[in-house]
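J.: pasting the structure only:
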């Protein structure tokens with residue numbers, strides 16, 4: 001009976017989390033590029049054209065950006081080290097700061113609330129459906145200024161699709177490979 005209560009409690013927590021996510025993401029619990037899988041099915045991803053990233057969500061101007069668009073923005077190079085289940089990795093990543101790709105004036109700010117950009121997050125989704133969220137406060141040079149990148153090259157080799165890189169993370173869980181969508185979400189309307 002104790003195990004059953006524990007399972008019911010965990011299921012309730014997951015359901016509550018989904019309800020909160022649905023409310024925060026404007027009515028959808030999954031990014032627009034990813035369809036929720038049925039039980040036992042693999043995640044289905046509607047991919048944009050090769051080398052294209054969809055910028056969606058709470059933006060003034062949602063759009064697709066290409067590798068050429070990214071190359072036209074200022075480039076940054078960082079050395080990163082992080083842990084994976086296979087041991088430590090170390091790479092040289094080159095790309096565009098998320099703060100240059102999605103500056104504060106690109107956010108669909110609804111009111112004049114104090115520090116309103118701190119209510120936003122960016123959900124990066126890879127072509128395999130893997131996703132990770134970063135708070136806009138981490139991205140913004142006015143707050144966290146952590147240098148989060150959308151890398152277009154790793155160790156001097158051009159990537160076919162960009163990679164989200166979060167310098168300073170101990171584990172590489174928020175590194176999203178083959179990014180196809182960056183969905184900006186505003187929480188707490």
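T.: It's in. All of these numbers come straight from a predicted model, not from anything done at the bench.
J.: chain center to stretch 69-82: distance?
T.: 16 Å (Cα atoms, centre = their mean, to the nearest Å).
J.: go on, stretch 56-64?
T.: When distances are taken as Cα atoms, centre = their mean, stretch 56-64 is centred 14 Å away from the chain's centroid.
J.: State the pLDDT value of residue 12.
T.: With respect to pLDDT, residue 12 scores 37.
J.: can I see the domain layout of the chain?
T.: 1-29, 31-186 (automatic domain parsing).
J.: pLDDT on the longest one, on average?
T.: Throughout domain 31-186, pLDDT has a mean value of 89.
J.: How far away from the center of its chain is it?
T.: Taking Cα atoms, centre = their mean, one finds the center of domain 31-186 at 4 Å from the center of the full chain.
J.: now the end-to-end length of stretch 76-94.
T.: 6 Å (Cα to Cα, to the nearest Å).
J.: Can you list the buried residues in that stretch?
T.: 76, 78, 80, 82, 91, 93-94 (16 or more other Cβ atoms under 10 Å). From N, CA and C alone the C-beta is placed, and that goes for glycine too.
J.: Is residue 118 part of a helix or strand, or is it coil?
T.: Taking DSSP: H, G, I helix; E, B strand; the rest coil as the rule, one finds residue 118 in the helix state.
J.: Tell me which residue is most central in this protein.
T.: residue 124 (2.2 Å; Cα atoms, centre = their mean).
J.: my read: it touches residue 176, true?
T.: Yes: contact criterion Cβ atoms under 8 Å: residue 124 and residue 176 qualify, at 4.3 Å.
J.: Residue 105: how many residues sit nearby?
T.: Look at residue 105: counted by other Cβ atoms under 10 Å, it has 8 neighbours.
J.: Secondary structure class of it, three-state.
T.: Look at residue 105: counting by three-state DSSP, its state is helix.
J.: Let me see the contact set for the residue nearest to it when sequence neighbours are not counted.
T.: Spatial nearest neighbour of residue 105, excluding adjacent residues (Cβ to Cβ, 6 or more residues apart in numbering): residue 60 at 7.3 Å. Counting by Cβ atoms under 8 Å, 6 or more residues apart in numbering, residue 60 touches 105-108.
J.: at 10 Å instead, please
T.: 105-109, 184 (Cβ atoms under 10 Å, 6 or more residues apart in numbering).
J.: got it, and residue 59?
T.: By Cβ under 10 Å, 6+ apart, the neighbours of residue 59 are 102, 106-108, 120, 182-184, 186.
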